[in-house]
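Visitor: following is a predicted model, sequence given first.
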Amino acid sequence: MADRQPVQIVEIDIDYCTLSYGVGACDAVLGTTGVRKCYNTYETCQVRDVYNKGSLTLRFMTPTANIPKNGNVYFPALKSVSAFSSSVNIAGSTPEYGKLGKRAKVTINLIDFPYHDRYTDKYQSERVDGTGQTDEGGYDPSERGTFFTKFKSRFPQYAGRPLRVIDAYVDGGSITVLQTRHFIVTDLKGPNDNGAVTIEAKDILTLAEKKSAVAPTPNTGELEADISAVASTLTLIPTGIGDEEYPASGYGVIGSEIVTFTRSGDTVTLTERGVRGSESKSHSSGDTFQVAIDYEDQYLSEVMDDLLSNYTDIDASYLPTTDWQQEAERWSATLRLFTTITEPTPVAELLGELSILGATIWWDDVDQEIKLSMSKPISPFDTLKTITDNDNIKAITQEDKDEDRLTQIHFYVDQDDPTGNVDDKSNYNQIRVTIDTEAESSDSYNDTRIREVFCRWLNQGETAVVRIRSLRLLQRFNSAPKRFKIKLDAKDISVSLAEVLSLSSRVVTDETGKSVNTFVEVIKKSEPVAGHEVDIEAQAYLYVGKYGYIMENTANAYGSATDLEKETGCYIVDEATLEFADGSAPYEII
């Protein structure tokens with residue numbers, strides 16, 4: 001239809017008190033607690049002990065003649081939304097993107113404007129007639145300041161609040177949403193002398209990168225007096241710090257000694273001294289008593305849940321813990337984590353360390369979830385999107401990342417001192433070396449490429465797990481990993497970070513030059529023209545082969561098995577020929 005117009009809408013949820021000034025639970029009194037009624041924000045609240053946080057949604061949209069008629073208030077002040085860009089480190093395979101990838105970032109450009117405050121100020125009419133203040137008579141709010149100057153004064157705590165970028169179209173006053181992306185506000189600049197305002201926002205995992213998002217939580221309690229290497233109790237100072245900062249029991253650290261303890265008030269009973277390989281020592285008054293986190297025989301998903309739920313401000317609605325558990329139990333059932341975190345460490349850093357164990361963690365801004373994917377083959381039940389030169393690829397370039405090629409993995413595990421340097425090889429009791437001798441041979445690459453991995457999460461050694469992880473790394477990197485830069489038409493296809501795609505292009509051929517399909521995984525995504533073009537980087541997918549799954553005892557024998565059973569099961573090959581009767585290759589173990 002001719003009236004159908006594409007628009008973008010930016011929504012920001014700000015904190016807004018649900019109470020009314022001087023009514024019910026709010027015992028503010030005009031002229032006593034303040035000379036003017038509040039603006040229902042924490043900054044302007046006069047009785048903060050009864051402040052009741054709700055939310056108010058501000059909606060900014062690109063100017064259009066057809067303002068949606070759906071009961072919402074829209075401010076036509078949105079000038080532009082910058083390109084989206086984010087990346088993910090697939091199972092630790094893309095070091096240049098950081099252990100946890102790079103956060104999706106968006107920049108919102110708006111223009112400031114005079115505003116009468118009718119939507120944002122519950123007592124706007126009382127400002128006009130003068131009953132909303134005692135220090136002056138009535139005034140016109142639209143003649144004082146601008147929308148954003150008043151916003152920043154009334155609500156300086158905007159950082160960390162939800163922001164959504166909505167692609168939509170308006171048709172006859174009705175709005176149809178095409179896609180919604182979710183972020184959190186990180187900064188607001190302006191307005192400048194031209195009225196320009198810039199809002200910056202990043203994805204939800206930014207909350208795991210905050211300076212306050214550390215695990216364990218920092219403690220400030222100190223030893224009141226010296227204790228010997230065999231003492232069983234200590235007292236914390238200042239008085240009352242025990243109940244304020246410390247649990248009733250757990251693991252603790254004094255200097256380089258790890259202990260277990262119980263606590264009552266400020267009195268700490270040391271139930272074990274010198275645990276987790278540390279040495280029992282004497283300590284001095286004034287030494288800090290720090291709570292430690294001890295993970296013993298934990299699934300990776302359980303550790304991830306604990307870190308994000310208990311040590312960040314990320315809302316539980318963004319954490320699909322059941323999905324994480326299913327993923328970990330399905331694809332890393334034998335992987336158990338053993339470690340002791342002895343000093344406050346950024347949660348993002350700890351999560352990033354898990355990537356080398358085959359974990360990919362990222363924020364899905366459309367599904368509104370933090371995702372977990374373990375290294376795994378493509379399932380026969382997976383339906384992959386196909387991208388081709390003819391259908392949706394506008395440009396494509398292939399490059400081989402020979403600098404990332406590997407022939408050896410040196411995997412360090414079993415920390416000697418959990419309080420020591422994580423990246424110091426001398427702080428590990430075991431090293432597991434895995435070598436691809438064929439790749440190092442004179443007939444192949446004829447060189448040696450070593451990657452050292454320092455892993456604090458396998459303090460029980462876990463030889464089998466280390467071997468599996470090392471072999472998977474070599475499988476991906478024993479030849480120069482292929483990387484593709486692809487420009488897609490957004491109207492033809494939608495892709496997500498970490499998604500596996502089926503690629504058919506002239507740049508991927510067999511030895512005869514014939515184009516062949518290949519699987520690639522999206523590691524970076526950006527939208528230089530929002531809603532029109534999508535730029536992705538993708539790397540060749542790790543698992544291309546024939547992989548088997550444990551079957552039920554009642555399954556058919558290979559000779560009478562259905563195609564589905566052969567695809568989703570596992571059969572033992574003839575030992576002499578290493579082939580099945582039909583000539584097909586054996587299954588592979590991952």
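Guide: That came through, no problem. Numbers count the residues shown, from 1 in each chain.

Visitor: which SS state does residue 466 fall under?
Guide: helix (DSSP: H, G, I helix; E, B strand; the rest coil).

Visitor: what about it, distance to residue 475?
Guide: Separation of residue 466 from residue 475 (Cβ to Cβ, to the nearest Å) stands at 15 Å. (Glycine included, C-beta is placed from N, CA and C.)

Visitor: likewise for residue 375?
Guide: 10 Å.

Visitor: could you do residue 510 as well?
Guide: Counting by Cβ to Cβ, the gap from residue 510 to residue 475 is 20 Å.

Visitor: and these two? Which one has more around it.
Guide: Under the neighbour definition other Cβ atoms under 10 Å, residue 510 and residue 475 were set side by side, and residue 475 has more, 17 against 8.

Visitor: who touches the strand or helix carrying that one?
Guide: Applying DSSP states H and E as the criterion places residue 475 in helix 463-477. For helix 463-477, contacts defined as Cβ atoms under 8 Å, 6 or more residues apart in numbering pick out 91-93, 334-335, 356-358, 375, 404-407, 409, 411, 413, 432, 434, 436, 439, 451, 453, 455, 458, 542, 590.

Visitor: drop anything exposed from the residues you listed.
Guide: 91-93, 335, 356-358, 375, 404-407, 409, 411, 413, 432, 434, 436, 439, 451, 453, 455, 458, 542, 590 (16 or more other Cβ atoms under 10 Å).

Visitor: what about this structure, any weak spots by pLDDT?
Guide: Counting by pLDDT under 70, the ranges of the chain that qualify are 1-3, 83, 93-95, 380-381, 529-531, 542-552, 564-571, 587-590.

Visitor: just the buried positions in the helix holding residue 475, please.
Guide: 465, 466, 468, 469, 470, 471, 472, 473, 474, 475, 476, 477.

Visitor: which one of the residues you listed is nearest residue 169?
Guide: residue 476 (42.1 Å; Cβ to Cβ).

Visitor: okay, helices next: where are they in the stretch 301-450 of the chain?
Guide: Along the stretch 301-450 of the chain, the segments classed as helices by DSSP state H, counting those that start in this stretch run 321-331, 347-353, 437-440.

Visitor: need the winner for burial among the ones you listed.
Guide: helix 347-353 (a mean of 22; mean count of other Cβ atoms under 10 Å).

Visitor: so how far is it from its chain's centroid?
Guide: Helix 347-353 has its C-alpha centroid displaced from the chain centroid by 10 Å (Cα atoms, centre = their mean, to the nearest Å).

Visitor: likewise for stretch 176-184?
Guide: With Cα atoms, centre = their mean, you get 18 Å for stretch 176-184.

Visitor: and if you look at stretch 332-339?
Guide: On Cα atoms, centre = their mean, the centre of stretch 332-339 falls 21 Å from the chain's centre.

Visitor: centroid-wise, who is the farthest residue in this protein?
Guide: residue 137 (50.9 Å; Cα atoms, centre = their mean).

Visitor: secondary structure element holding it?
Guide: Using DSSP H and E, residue 137 falls outside every helix and strand.

Visitor: ditto for residue 498
Guide: Going by DSSP H and E, residue 498 is not in any helix or strand.

Visitor: closest one of the buried residues of helix 463-477 to residue 37?
Guide: Distances from residue 37 to the buried residues of helix 463-477, taken by Cβ to Cβ, are shortest for residue 469, at 61.5 Å.

Visitor: measure that closest one to residue 109 for me?
Guide: Counting by Cβ to Cβ, the gap from residue 469 to residue 109 is 45 Å.

Visitor: with residue 271 instead?
Guide: In terms of Cβ to Cβ, residue 271 sits 58 Å off from residue 109.

Visitor: more neighbours: which of these two?
Guide: residue 109 (16 against 12).

Visitor: correct me if wrong: that one contacts residue 80.
Guide: Yes: contact between residue 109 and residue 80 holds when scored by Cβ atoms under 8 Å: they sit 4.7 Å apart.

Visitor: how does this protein divide up, domain by domain?
Guide: Per the record, the chain has its domains at 5-77+112-202, 220-288, 385-401+481-540, 402-477, 545-590, by automatic domain parsing.
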